[in-house]
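Enquirer: Got a predicted structure here, sequence first:
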Amino acid sequence: MTIHSDSKGIKIENVGLRFGETEVLKGVNLNIEPGEFFAFLGPSGSGKSTLLRAIAGFGPNPSGRILIGDRDVTGLPPWQRNVGMVFQSYALWPHMTVRKNVAFGLEERKVPKKEVERRVEEALDLVGLSHLAERRPSELSGGQQQRIALARTVVVEPQVLLLDEPLSNLDANLRVQMRRDILQLQRKLGLTTIFVTHDQEEANTTSDRMAVLSDGVIQQIGRPMELYDNPKNRFVAGFLGSANIIDGEVRVDAKGPAFVSDKGLVLDFRPHAEGPGSLVFRPQNTFIRRSDSSTDNCLEFAGKVVYREFLGSLIRYGVEVAGHLLAVDEMHRIGLEHVGEGADVSLCVDLNQTVLVNA
Amino acid sequence: MKKLISNARKTLGYSALAVAISSVSGVALAAGDKLVVVTSFPSDLTKVYKEAFEKEHPGLELEVLSKKTTAGIKYIQETAGNNKTDLFWASAPDAFEVLKDDGLLQKYEVKVNGIPAKIGSFPIHDPEGYYKGFAAAGYGIMWNERYLKAKKLPAPAEWADLEKPVYFKHVGMSAPSRSGTTHLTVETILQNEGWDDGWATLKRMAGNFKSVTERSFGVPDGVNSGNFGIGVVIDFFGLSSQGAGFPVDFRYPSATTLVPANIAIVNNAPNAEMAGEFIEFVLSEKGQQLLLDPKIRRLPVNPKTYAQAPAGFPNPFTDERLSNTLLFDLQLSKNRYNLVNSLFDVMVTYRMDDLRAATEAIYEAESALEGKSNVKAEELIQEAKGLIAALPITEAEAADPEFAGVFTKKRKKATDKVTGRQAEVESSWDAFVVANYRKAQSLAEQAQALL
Amino acid sequence: MTSATVTRKGLLRLPTFSATQWGPGLVAALVGMFLLVVLVLPVAKVVYVAFQDPSTGDLTIMNFVDFFNASLFRESFINSFYVSAMSVVFATLIALPLAYFTTRFNFGGAAIIQTLGVIPLIMPPFVGAVAMQLFFGENGSINLLLYDWFGFTIPFMEGLNGVILVQSVHFFPFILINLAASLQNIDRSMEEAALNLGSSGMRLFRRIVFPLGMPGYVAGASLVFLKVFDDLGTPLLLNINNMLAPQAYLRISSVGISDPIGYVISVILVVFSLFSLWVSFLALKGKDYATTQKGGGGLLKRDLKKWERIGCYGVILLILGFVMAPHLALFILSIASVWSFSPLPDGYTLDHYAEVFQSAGGYISNTLLYAGLAGLIDIVLGTAIAYIVWRTGIWGRKALDFLAMGAVAIPGVVLGIGYLRSFYEVEVPFSEVPLASVWGVIVIALAVRRLPYALRACVAALAQVSISLEEAAESLGANKSRTIRKIVVPLMTGGILAGFVTSFATAAVELSATIMLVSTESDAPLAYGIYLFMQSAAGRGPGAALGIIAVLIVGLGTYASHKIIERTKRDRAVDQQS
């Protein structure tokens, strides 16, 4: 493979944007390293796509600065930014063949004809679709269109690659395959890449680091596991995977500080903080106490099973504890004895597996 | 309703149409006493007569169906199998001759007194008794005074004036194939000057045409709006345009024909009796007076009516010039009716650009020649003029009923035979005419090059 | 004419069509029969005569040989072709900037352009020709002024120029509407992808935007070509004879002529029109570029800088002036006392309107009745055909679609002649009135002529109705006909209404077919009334007044349809949000 890119980092400084009355981005600061695979994760309307488009130069000019490498691209038109973007809809031009689509960017850059041919061929090889060069986009499957869109973008050797929900139009199996392919391609090219998605699994599996966005604000930046294990706030905790979240506050009385939930449940542990907060722990770290289980370092709850769901690898119990509905996952094994609905149970969470976050 | 539909389906097979139609047929049937008139006259004329006649016959509805003369004939011919028309009412007598020959008119004897036998040299009523003249019309020249003033042109007086170079691209006329009245004008010139000279005059005139209008009204319309300055028209167009306030004037050239405008009952008329009543009404004193309406302005056939006419209104019964007009040979006109129409279209209407180009080249050569003497150039110009005037057929050929048959015969039965095809004949004429016009143009250009 | 590039995606999914559902089949058969009788049969009559030897009655191709041997007809053919092609060029010059402005920029002018897009269509073309002559003719207002001030004139209306001018001004909306629609259907990311890959400005327009808008442009342009090729009124009123449609009319309507050439020309007109439809069909095949995804349709819109705004308005005003010229001239004529060889009339009066209101009420009510009924027939047929073609698997449904759309290729004159030939000998059951002279036939002719427009609107409306809505009703126990009545048709209402108004508005100003079919003045519609009035020296004013009334009626109708479409769109948007 001879496609090389001159990979650059991306610096976003205090970028803000409003559409009329709505503030879509609020003072975003971000530093993406050269060659990094970075994900923007957030629900729809969080501003992740808007931020991506602002980097590419689409939409109204934001306030603040955007730098690619050392170059300030704020205010530059899209065609002068040398940023590669793959669109959610792929945006392959229906009136051109696959080859013409891929060659387009090179032709716009006035690359000599011979070289255009060679590089188009390479790019098509890279995505494994050289044999479809003369087809029209409408004759390709979704996955093939996706690859062509990628080839069309990387062939111009952009300094950064922006992927706007690239997998959302594919079916589930293909999505898993495609995300590996994209990652592999990115590694091969060493290209700084931003991947916008609302699917945490996609972000987790592909990205080196990611930013979780909500309401136009970056909630937290970090490696996927870091964010999962140590969410900074209630939103990040809830958005990444299933979580039991008990809202409440830390009260300090004569015995010292204690966590009291909003439904009046007092938890027997000694937090090192004060004021309102939420206690977060994952269903898979919560156990239904059976006779043989250990109780070391255990935060205990007494509750009643209100539902039981078989999820294949897991059994999920819903347990009501003083008005809080907590989820408990048990690994499914053949012969495991199930607890019935309506049974009174005692739950245990290892204190090391709990996090106390800001509300 | 249901029965109607099922019957329709059985008998016609046009079920869908019948369903749509059946709901409206009641309206058509309930219309009561009705008189249907196919006419080429403008609504300015028909409206006045319709109102007056309906007033005299309450409950009667006079249905006016406006069509160009030619389209009217076609309509009566096409619908003869199931005729719903009572009267045909139009200007050109030859149109009535065509219908008479096809056996589509009905004889009628006029009861009103006081109508002379002739106007000028023309019998007012058809001697065979099929159609009746009710108003006279003569052909002449109208012009727009503002136009002539702006372009510094003199007002024309005679047909020959229209051939002058000064009027190049200022004259308008309709095609005889499109307008019965224009056909009469053309035929008048042909009969007055003879076949060859007549056509030569017409073509010299046509060389000055700005346009050949599709309808006869296109000519007064063009003059009124100033689109072109001078038009060859029937008198009432000129007179009524003046009546409507346009800055136009009209004049009869010395060679004109007064021809009656006519009315006739169509054969198998659904309401023949009332149709007769209408003819009587039109010829009555009251009906004749309506012709003096400023929007109509046609010459009444009852001499008494002129007593009420406005000052300056021409009176053919006293005006020397008009009473001595040409004798018009209706039979001759009828025999070559379609042939003349077709010849005019081939030589003038459809080849206007070629004719104009040749004419312009000749004018330029002539003006270059003025005051000089160059025999060679003069000869070339004369030759060019001769080429323009040349005809693809002789008068004898034109009069040959066998040949004219190509244009007139209509195959009525599957066993009828017609020889020759119109398109074939016209195509050969066209080739002849175009070649001559182009050659004339190049000769005139050669002549000019010599000067 | 709505857009010919209506998205057909998703329409192609056919529900299983079981043999027990005979209802749609029966409807299809009835509709097919109807079209056969009112469209195929009359045209076939005309074709038959064209192939008949006038002397023996045998079938022959001699008439066609004669046609191609005659230099006049060859010339007419070339002229028709030239005029049509040039009209497309000029219509493009008018429509292209307008379409681009509306889809590219955010500015108030877009509303003006949308109005502009329909105004020319709501005037009978022959009236437009008269009016254009008044302003642009050799001695029209403009040239008189030019001559007075500068001593020269411009031959706007000289010969074929006049036809091209009138036709381009009249028919350019076809290109504008179709091109704008197809630009609006382009997914924004198509353009963004190109920008992202380094393309911009004219190159972007040439390589991406225009090719993607091409299907709409081709649809519009081929329609303009076809309409101009078939049009009769304009060349006739401008006294241009050397074109095919006028030749056909002149030959057929002239006295006693046994000549079949008129019919031959009719056939050639039909064949050529079908051919140009086919070419555009081929050009569009597999190029349904309606690419709108959830990303939002249309080009990237941007605000204009001050001088750009001035430039845009300048261009728009120039075009507006040109396009409105016929209406303005007609209006002035309608209030003019005498207007002769002067830039403006000598005086002004309202008498013409008084006269029209006194005597022309019949024309107006006839027009409302005929065009209304024709519109009604069209939407019933349009809805039925749209449903049969796109939602059932009935054998021959494509043929039904082609048949109905094919009506667009039948010149009004040809249809009129065909009707006279086919229906005159047939009497209305239980009466002696010939079928062809009943005014109902005018209604049917109008309905057939306008069916393609209504059908397109209905197909577009049907495309908006998801098939699952229909399946939901059926699974809840509603049978086909109840489903269509209670679910499909109500959901299509907006589109159907738009179709109705399009048919109504254009039928109201139609002359070419009606002029052949009107058998009594009391049955005559507006366009015919105008034609009559325009035939007399005193009648130009009232004719113009009637023309203005026609424009107002049709204009109001079109405005209403616009409102209806807007409201439906809004309702839908609200539905989707809630």
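Expert: Cool, got the structure.
Enquirer: ok, B:K295 touching B:Q242?
Expert: No. Using Cβ atoms under 8 Å, B:K295 is not in contact with B:Q242; the gap is 10.8 Å. (Glycine included, C-beta is placed from N, CA and C.)
Enquirer: Quick check: mean pLDDT of the host helix or strand of B:M173?
Expert: Taking DSSP states H and E as the criterion, B:M173 maps to strand B:171-174. Mean pLDDT, computed over strand B:171-174, is 93.
Enquirer: how about the CA coordinates for it, as CSV?
Expert: The C-alpha coordinates for strand B:171-174 follow below in CSV (Å, rounded to 0.1, in the frame of the first residue of the first chain):
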residue,chain,number,x,y,z
VAL,B,171,-49.0,46.0,-47.4
GLY,B,172,-51.1,43.2,-45.9
MET,B,173,-53.6,40.9,-47.4
SER,B,174,-55.3,37.6,-46.5
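Enquirer: Does it pack against any helices or strands, and if so which?
Expert: Strand B:171-174 sits against helix B:180-193, helix B:195-206, strand B:209-213, helix B:218-225, strand B:230-234, with contacts defined as 3 or more Cβ pairs under 8 Å, 6 or more residues apart in numbering or on different chains; DSSP states H and E.
Enquirer: now that strand: how far from the chain's centre is it?
Expert: 12 Å (Cα atoms, centre = their mean, to the nearest Å).
Enquirer: Please enumerate residues in contact with that strand?
Expert: Residues outside strand B:171-174 that contact it (Cβ atoms under 8 Å, 6 or more residues apart in numbering or on different chains) are B:162, B:181-182, B:185, B:205-206, B:208-216, B:218-219, B:222-223, B:227-232.
Enquirer: how about a cut-off of 6 Å?
Expert: B:162, B:182, B:208-211, B:213, B:216, B:218-219, B:222, B:228, B:230-232 (Cβ atoms under 6 Å, 6 or more residues apart in numbering or on different chains).
Enquirer: Find the residue ranges of the stretch 151-300 of chain C scoring beneath the pLDDT cut-off.
Expert: Applying pLDDT under 70 to the stretch 151-300 of chain C flags residues C:253-259, C:283, C:285-300.
Enquirer: Ok, the stretch 151-300 of chain A next?
Expert: Looking at the stretch 151-300 of chain A by pLDDT under 70, you get A:292-295.
Enquirer: Would you state the strands of it in chain order?
Expert: Counting by DSSP state E, counting those that start in this stretch, the stretch 151-300 of chain A has strands at residues A:160-164, A:192-197, A:209-214, A:217-222, A:244-253, A:256-261, A:266-267, A:275-281, A:286-288, A:298-310.
Enquirer: List just the one of these that sits closest to B:A52.
Expert: Taking Cβ to Cβ, strand A:160-164 is the member of the strands of the stretch 151-300 of chain A nearest to B:A52, at 81.8 Å.
Enquirer: so who does the residue of the stretch 251-400 of chain C with the smallest separation from chain B touch?
Expert: In the stretch 251-400 of chain C, the residue that lies nearest chain B is C:F341 (2.8 Å; Cβ to the nearest Cβ). By Cβ under 6 Å, 6+ apart, C:F341 lies in contact with B:N144, B:R146, B:Y147, B:G226, C:N139.
Enquirer: One more: B:E214?
Expert: B:R178, C:L236, C:N239.
Enquirer: with those residues in mind, which one is nearest to A:R180?
Expert: For those, the nearest to A:R180 is C:L236 (71.8 Å; Cβ to Cβ).
Enquirer: what packs against whichever strand or helix holds that closest one?
Expert: Using DSSP H and E, C:L236 falls within helix C:233-237. Counting by 3 or more Cβ pairs under 6 Å, 6 or more residues apart in numbering or on different chains; DSSP states H and E, the packing neighbours recorded for helix C:233-237 are helix C:125-136, helix C:160-184.
Enquirer: What mean pLDDT does the next helix or strand after the shortest one get?
Expert: Downstream of helix C:125-136, the first helix or strand assigned by DSSP H and E is helix C:141-150. For helix C:141-150, mean pLDDT is 88.
Enquirer: What segments of chain B are strands?
Expert: Assigned by DSSP state E, chain B shows strands spanning B:34-39, B:61-66, B:87-90, B:105-106, B:118-119, B:122-123, B:131-144, B:171-174, B:209-213, B:230-234, B:248-251, B:258-266, B:299-300.
Enquirer: Export the ones you listed as CSV, with columns for mean neighbour count.
Expert: Shown next, in CSV, are the strands of chain B (neighbours: other Cβ atoms under 10 Å in any protein chain shown):
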stretch, mean neighbour count
strand B:34-39, 23
strand B:61-66, 21
strand B:87-90, 26
strand B:105-106, 22
strand B:118-119, 20
strand B:122-123, 18
strand B:131-144, 26
strand B:171-174, 28
strand B:209-213, 25
strand B:230-234, 29
strand B:248-251, 21
strand B:258-266, 25
strand B:299-300, 27
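Enquirer: number of nearby residues for the closest residue in space to C:V130 that isn't next to it in sequence?
Expert: Counting by Cβ to Cβ, 6 or more residues apart in numbering or on different chains, the nearest residue to C:V130 once its immediate chain neighbours are dropped is C:L237, at 6.1 Å. Look at C:L237: counted by other Cβ atoms under 10 Å in any protein chain shown, it has 26 neighbours.
Enquirer: Only the buried residues of stretch B:154-161, if you could.
Expert: B:P156, B:W159, B:D161 (16 or more other Cβ atoms under 10 Å in any protein chain shown).
Enquirer: right, I mislabeled it, should have said stretch C:152-162
Expert: C:T153, C:F156, C:M157, C:G159, C:L160, C:N161, C:G162.
Enquirer: now, which of these sits nearest chain B?
Expert: C:G159 (7.4 Å).
Enquirer: picking that back up, out of the helices and strands packed on strand B:171-174, nearest to C:S522?
Expert: helix B:180-193 (25.0 Å).
Enquirer: Can you give the contact residues for that closest one?
Expert: B:69, B:91-92, B:95, B:139, B:174, B:176, B:198, B:201-202, B:216, B:232, B:234, B:255, B:257, B:259, B:326, B:329, B:333.
Enquirer: same thing with stretch B:107-116?
Expert: Against stretch B:107-116 from outside (Cβ under 6 Å, 6+ apart): B:G129, B:Y130, B:K132, B:I265, B:G276, B:E280, B:L283, B:S284, B:V301, B:N302.
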